[in-house]
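Peer 1: next come a sequence and a model predicted from it.
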Amino acid sequence: MSASSFPKLLPRHLAILLMMTVATMFAANHVSARLAFDNGTGLLLAVLTRSGVACLILVALVIVQRKRLWLPAGSWPWQLTVGLLIAIQSVSLYSAVARLPVVIALLLVNTFPIQLALLSWALGGPRPTLRSCLIMGTILIGLLVVLDIPSWIASADGMGPGWIAGIGFGLMAAFVFACALWVTEHRLAGVGSTLRSLLTMQTVFIVMIIGGIAGVVPGGMSLPDNSTGWLGLTLLGLLYGSAFSTLFIFVPRLDMARNAPVMNIEPVASLVLGYFVLGQMLSPGQLVGGAVVVGGIVVLSLSKGR
């Protein structure tokens, strides 16, 4: 394949600016979700809205790009597995967002690179290097600080009734996402990204409908109580859809291998937006812990294969 057949990369400053904008939109989507949840919106309805918007965008891309809707033999079970994993990840993520400050929920979810490295090793992949282990240990220490474990030990009730559950959901979202990434890399490498994403979002959409009908989550399909809730629900769909489609369309031109760490600005953006929109604020110690987590994840992503 000639070099001219590859998409032309954007200038790096434009690529970084675009990725920072996308990361901020993802953060705003999570803040909007919390706004919706605080005003009566059901958890499953929020995920249904998000996945529905993504499905519409992907269908449009398939039509415009005239993609062939075909899966290689034997890949259907793995594709269904990824769809189910992302459905669980989506519910777990929003469950954490509903119970914790948004920035803490995202920091928990962003531990997925650590879990993916350990999962890959457990399944026969390369053993993490000493450097990677030291970085991952530093990230975990920062996470303990941002979770304010000493305060929880001193007064569990003061942290709120959903604190422990929120932490569990955040870590579960990270683990399930790591599993989905492993399956995608090792079992679905031959499936086109557009088709794979479309089938994944369709699976999430269908699972949310089934879950709502079955009443799996009490009040999971509840409509917002007021205009603020409707605004949050509308924004989470639009923001996620816009960020998802922008990243999906431009990813061949963003030089992700070099620029991907820029996406770790998402927790920082959620901290700022959470403060102004939701009044959420962390203590100085938690801010330091969050900086350690974000910095460690960036270093870990830059040191892959070293």
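Peer 2: Looks like it arrived, so ask away.
Peer 1: give me the contacts around whatever helix or strand L107 lives in.
Peer 2: L107 is located in helix 102-109, with elements delineated by DSSP states H and E. Contacts made with helix 102-109 from outside it, assessed by Cβ atoms under 8 Å, 6 or more residues apart in numbering, are listed as 27, 30-31, 34, 93, 96-97, 99-100, 143, 146-147, 166-167, 169-171, 173-174, 177, 266-267, 270-271, 273-274, 278, 280, 282, 286, 290, 293-294. From N, CA and C alone the C-beta is placed, and that goes for glycine too.
Peer 1: whichever of those residues end up buried, select them in ChimeraX.
Peer 2: Selecting just the buried residues from the contacts of helix 102-109 in ChimeraX takes one command, with 16 or more other Cβ atoms under 10 Å as the test:
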select :27,30,31,34,93,96,97,99,100,143,146,147,166,167,169,170,171,173,174,177,266,267,270,271,273,274,280,282,286,290,293,294
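Peer 1: V62: neighbour count?
Peer 2: Here the neighbour count serves as a burial measure; for V62 (other Cβ atoms under 10 Å) it reads 17.
Peer 1: surely it meets S193?
Peer 2: No: no contact is recorded between V62 and S193 when judged using Cβ atoms under 8 Å, the distance being 11.3 Å.
Peer 1: which residue ranges of the protein form helices?
Peer 2: Along the chain, the segments classed as helices by DSSP state H run 12-37, 43-65, 76-99, 102-109, 112-122, 130-146, 149-154, 163-187, 193-214, 227-250, 256-259, 266-273, 284-302.
Peer 1: ok, which of these comes nearest M221?
Peer 2: Each of the helices of the chain has some distance to M221 by Cβ to Cβ; the shortest is helix 193-214, at 4.0 Å.
Peer 1: what lies in contact with that closest one?
Peer 2: Helix 193-214 is contacted from outside by 42, 44-45, 47-48, 51-52, 54-55, 58-59, 61-62, 65, 67-71, 79-80, 82-84, 86-87, 90, 184, 188, 217, 220-221, 248, using Cβ under 8 Å, 6+ apart.
Peer 1: and these, which are buried?
Peer 2: In terms of neighbour count (16+ other Cβ under 10 Å), the buried residues within these are 42, 44-45, 47-48, 51-52, 54-55, 58, 61-62, 71, 79, 82-84, 86-87, 90, 184, 188, 217, 220-221, 248.
Peer 1: show me what the mean pLDDT comes to for stretch 65-85.
Peer 2: Rounded to a whole number, the mean pLDDT of stretch 65-85 is 88.
Peer 1: just how off-centre is it within its chain?
Peer 2: The chain centre lies 21 Å from the centre of stretch 65-85; the measure is Cα atoms, centre = their mean, to the nearest Å.
Peer 1: what do you get for stretch 241-251?
Peer 2: How far stretch 241-251 lies from its chain's middle: 14 Å, per Cα atoms, centre = their mean.
Peer 1: mean confidence (pLDDT) on it, please.
Peer 2: pLDDT averaged over stretch 241-251 equals 83, rounded to a whole number.
Peer 1: before we move on, what about stretch 226-234?
Peer 2: Here the mean pLDDT over stretch 226-234 is 97, rounded to a whole number.
Peer 1: run through who's touching it.
Peer 2: Outside stretch 226-234, the residues that touch it by Cβ under 8 Å, 6+ apart are 32-41, 45-46, 49, 223-224.
Peer 1: please repeat the previous calculation with a cut-off of 7 Å.
Peer 2: Contact with stretch 226-234 is made by 32-33, 35-36, 39-41, 46, 49, 224, as judged by Cβ atoms under 7 Å, 6 or more residues apart in numbering.
Peer 1: which among these count as buried?
Peer 2: Among these, the ones that count as buried (16+ other Cβ under 10 Å) are 32-33, 35-36, 39-41, 46, 49, 224.
Peer 1: I'd like those residues as JSON lines, with distance to A23 appended.
Peer 2: Compiled in JSON lines, these are given as follows (distance: Cβ to Cβ, whole Å):
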{"residue": "S32", "distance to A23": "15"}
{"residue": "A33", "distance to A23": "16"}
{"residue": "L35", "distance to A23": "19"}
{"residue": "A36", "distance to A23": "20"}
{"residue": "N39", "distance to A23": "25"}
{"residue": "G40", "distance to A23": "28"}
{"residue": "T41", "distance to A23": "24"}
{"residue": "A46", "distance to A23": "20"}
{"residue": "T49", "distance to A23": "21"}
{"residue": "P224", "distance to A23": "26"}
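Peer 1: and the gap between N29 and I249?
Peer 2: Shown here: N29 relative to I249, a distance of 17 Å by Cβ to Cβ, to the nearest Å.
Peer 1: neighbour count winner among these two?
Peer 2: Set side by side, N29 and I249 give different neighbour counts by other Cβ under 10 Å, the larger being at N29 (25 against 12).
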